[in-house]
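Trainee: Give me coordinates for this.
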Amino acid sequence: MNKFTLKNILMKRFFILILSAFAWGGASFSAPAQAVAHELSLSEAIAIARRNSVDAAVALNELKTAYWEYRTFRADLLPEINFSSTLPSYNKNYNVYQQSDGSHTYVRNDYLGLNGEISIDQNIWLTGGKLSLSSSLDFLKQLSGDKSKQFMSVPIALTFTQPIFGTNTIKWDRRIEPLRYREAKAAFLSATEEVTMTTISYFFNLLLARENVSIAQQNLENAQKLYKVALAKREMGKISENDVLQLKLNLLNAQSDLTDNERTMKSNMFKLCSFLDLNEDHEIIPIVPDSIPQVELIYQDVLDKALQNNPFAHNIRRRQLEADYQVAKARGNMREISLYAQVGFTGTSNQFSQSYKHLKDNQIVEIGIKIPILDWGKRRGQVKVAESNRDVIENQIRQETMNFRQNLFILTEQFNNQRRQLLIACEADTIAQRRYNTNVKTFMIGKLSTLDLNDAQTSKDQARQKRINELFYYWYYYYQVRSITLWDFANNFSINADFEAIVK
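Mentor: Numbers count the residues shown, from 1 in each chain. Below you'll find the model as predicted:
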């Protein structure tokens, strides 16, 4: 065997090893994972959004905050048991002491003190006062000198404090806080419906993008077929070079449109998946809703339900009450008179058990008065400011109410008109599709120009897109009305929820 034959054999083996290595390496790489495709209806998308979306989570957290604020207010109306204590209090210092002859000297203190008190406190919402029933014990032990110890007990004491002319904050809270909580509950329900509206926007954006891809694919297939037919006709001399070039241009435009629409569809699919908190490997195929609610709205009925259920209705009542409260608070600050009274029993002894025997009555009555003699009109000015702010809020509320009614009227008319617009769009879509199919067949036999064919295609595409858009607006207006009125007009019942179960 000569050296050239050996060299050829070695080269062949070398190439076999290289090819085997590539084959082995290629086998070691797995194919990229394919996206999981599944169909998604509008109702399913809404249910997922209400459960998983960030907007729904924000609305829930706002409801929880309002719930616990309301619970705190309710707790202020109930008796409260408190325990306070100093364990211990140690003092070793010098204090100034005045002697009987008027001179002063320093006295050394060195003692240990302990005290504790338990009380039951109850706010009185009717008067704005406070009633407390308490029991306390104090212990004092001298650490130097005679090292004596002393107990002082107050087995029972009843204390009453009452502002005479001040503002009864608790009474105002009883009027404002329930309204605030009802407003928060209505705002949660309204926010839930707004989550639905956002879902509808993302859903129909994807639906329209997918429909545009389908249209672009169909147009590309038709453009390819027509271009092949045009080439054959050109060879037979039955079509001009200009028409062939026009169809070639249509083919290139169809390819470009398909690429752009596929990119838009992927972008809209990513947005919907992010909003629904779905994995990015989901390929969503939105299903066109096959039915719509058969509803005809009456403005007065819509307005009545909105004024009854919408958070705006609770909001304007709350703001009006808060403005009145600020005026009452400013007037109450013009003079301050408070009553403090305490009755009970007390006992002292150097033994713990004896401090609860031979009790003596303990009574305190205090009436404090603070009336400004000269404040240069400061408090009166505060009253005027509060009254002016109340007037501003009243005017704002009146303007907001007018805008609310006006926008609601426009929305009602838009919804009622949208059903007719949708029916027209559906019929136009059917006619445009039939016209395009007929024009394609007519072009095949040479009785239609390319301009007329292009016009039929454009009309067909626009009619399909308009149908999807009109369907989107119908559902969007429907849930917008629901979010404002918190009423399901299709099934004729109020939109509500078990808030106690939701916040827990």
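Trainee: and Asn82, helix, strand or coil?
Mentor: strand (DSSP: H, G, I helix; E, B strand; the rest coil).
Trainee: pLDDT averaged over stretch 82-91 - what is it?
Mentor: Averaged over stretch 82-91, pLDDT sits at 88.
Trainee: cool, stretch 222-242 as well?
Mentor: For stretch 222-242, mean pLDDT rounds to 81.
Trainee: try stretch 343-357
Mentor: The average pLDDT for stretch 343-357 rounds to 84.
Trainee: Any regions of this protein where pLDDT drops low?
Mentor: In the predicted model, the chain carries pLDDT under 70 at residues 1-36.
Trainee: at 50 instead, please
Mentor: 1-33 (pLDDT under 50).
Trainee: For it, just list every one of the strands.
Mentor: Using DSSP state E, the strands found in the chain span residues 36-40, 80-98, 104-124, 129-142, 149-163, 282-286, 336-349, 360-370, 487-488, 493-494.
Trainee: how about the third one: buried residues?
Mentor: By neighbour count, and taking 16 or more other C-beta atoms under 10 Å as the criterion, the buried residues in strand 104-124 are Tyr111, Asn115, Glu117, Ser119, Asn123, Ile124. C-beta coordinates here come from the backbone N, C-alpha and C atoms, glycine included.
Trainee: and if you look at the first one?
Mentor: Of the residues in strand 36-40, Leu40 count as buried by neighbour count, 16+ other C-beta under 10 Å.
Trainee: mind listing what it pairs with, with the direction of each?
Mentor: strand 282-286 (parallel) (DSSP bridges).
Trainee: ok, so of the buried residues of strand 104-124, who is nearest Lys225?
Mentor: Asn123 (84.5 Å; C-beta to C-beta).
Trainee: how far away is that closest one from Tyr356?
Mentor: Asn123 is 30 Å from Tyr356, where distance means C-beta to C-beta, to the nearest Å.
Trainee: For Gln433, list the residues it contacts.
Mentor: Neighbour list for Gln433: Lys460, Ala463, Arg464 [criterion: C-beta atoms under 8 Å, 6 or more residues apart in numbering].
Trainee: looking at these, which has the most residues close by?
Mentor: Most neighbours among the contacts of Gln433, by other C-beta atoms under 10 Å: Lys460, with 22 neighbours.
Trainee: Quick one: residues contacting the closest residue to Thr169 other than its chain neighbours.
Mentor: Nearest non-adjacent residue to Thr169, counting by C-beta to C-beta, 6 or more residues apart in numbering: Gly128, 6.5 Å away. Contacts for Gly128 (C-beta under 8 Å, 6+ apart) come out as Gln162, Pro163, Gly166, Thr167, Asn168, Thr169, Ile170, Lys171.
Trainee: count of neighbours near the closest residue to the third one other than its chain neighbours?
Mentor: In this case it means Gly166. Nearest residue to Gly166 in three dimensions, chain neighbours excluded: Gly332, at 4.7 Å (C-beta to C-beta, 6+ apart). Using other C-beta under 10 Å, Gly332 is surrounded by 19 other residues.
Trainee: same thing with the one 4 residues further on?
Mentor: A count of neighbours around Glu336, defined by other C-beta under 10 Å, yields 15.
Trainee: and what of Gly368?
Mentor: 11.
Trainee: Name all residues that make contact with it.
Mentor: Glu336, Ile337, Ser338, Leu339, Tyr340.
Trainee: and if you look at Glu241?
Mentor: Glu241 neighbours (C-beta under 8 Å, 6+ apart): Arg234.
Trainee: For it, give its distance to Ile373.
Mentor: For Glu241, the distance to Ile373 - C-beta to C-beta - is 106 Å.
Trainee: Buried subset of the contacts of Gly368, written for ChimeraX?
Mentor: A single ChimeraX command selects the buried members of the contacts of Gly368 (16+ other C-beta under 10 Å):
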select :338
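Trainee: Now render the contacts of Gly368 as a markdown table, adding distance to Met236.
Mentor: Below are these laid out as a markdown table (distance: C-beta to C-beta, whole Å):
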| residue | distance to Met236 |
| --- | --- |
| Glu336 | 107 |
| Ile337 | 111 |
| Ser338 | 110 |
| Leu339 | 113 |
| Tyr340 | 114 |
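Trainee: shouldn't the residue nearest to Gly166 be in contact with Thr169?
Mentor: No: using C-beta atoms under 8 Å, Gly332 is not in contact with Thr169, being 9.5 Å away.
Trainee: if I look at the spatially most central residue of the chain, how far off is Ala47?
Mentor: For the chain, the residue sitting closest to the mean C-alpha position, by C-alpha atoms, centre = their mean, is Ala59 at 2.7 Å. Using C-beta to C-beta, one obtains 15 Å as the distance from Ala59 to Ala47.
Trainee: ranges for the helices of the protein?
Mentor: 3-28, 42-52, 54-76, 169-235, 241-276, 299-309, 311-332, 378-444, 450-485, 499-503 (DSSP state H).
Trainee: Of those, give the one that comes closest to Ser134.
Mentor: Nearest of the helices of the chain to Ser134, taken as C-beta to C-beta: helix 54-76 at 18.8 Å.
Trainee: thinking again about what came up before, closest one to Ala230 out of the contacts of Gly368, please.
Mentor: Glu336 (96.8 Å).
Trainee: Apart from its chain neighbours, what residue comes closest to that closest one?
Mentor: In space, Glu336 is closest to Lys370, 4.1 Å off (C-beta to C-beta, 6+ apart).
Trainee: show me the contacts for the one you found.
Mentor: Arg335, Glu336, Ile337.
Trainee: What's the separation between the residue lying closest to Phe73 once chain neighbours are set aside and Arg390?
Mentor: Computed as C-beta to C-beta, 6+ apart, the closest residue to Phe73 that is not its neighbour in sequence is Glu177, at 4.3 Å. Separation of Glu177 from Arg390 (C-beta to C-beta): 19 Å.
Trainee: Repeat that for Asn123.
Mentor: Going from Asn123 to Arg390 by C-beta to C-beta gives 27 Å.
Trainee: try Asn212
Mentor: In terms of C-beta to C-beta, Asn212 sits 55 Å off from Arg390.
Trainee: cool, and Lys248?
Mentor: From Lys248 across to Arg390, the span is 75 Å (C-beta to C-beta).
Trainee: For those two, indicate the residue with more neighbours.
Mentor: Arg390 (18 against 14).
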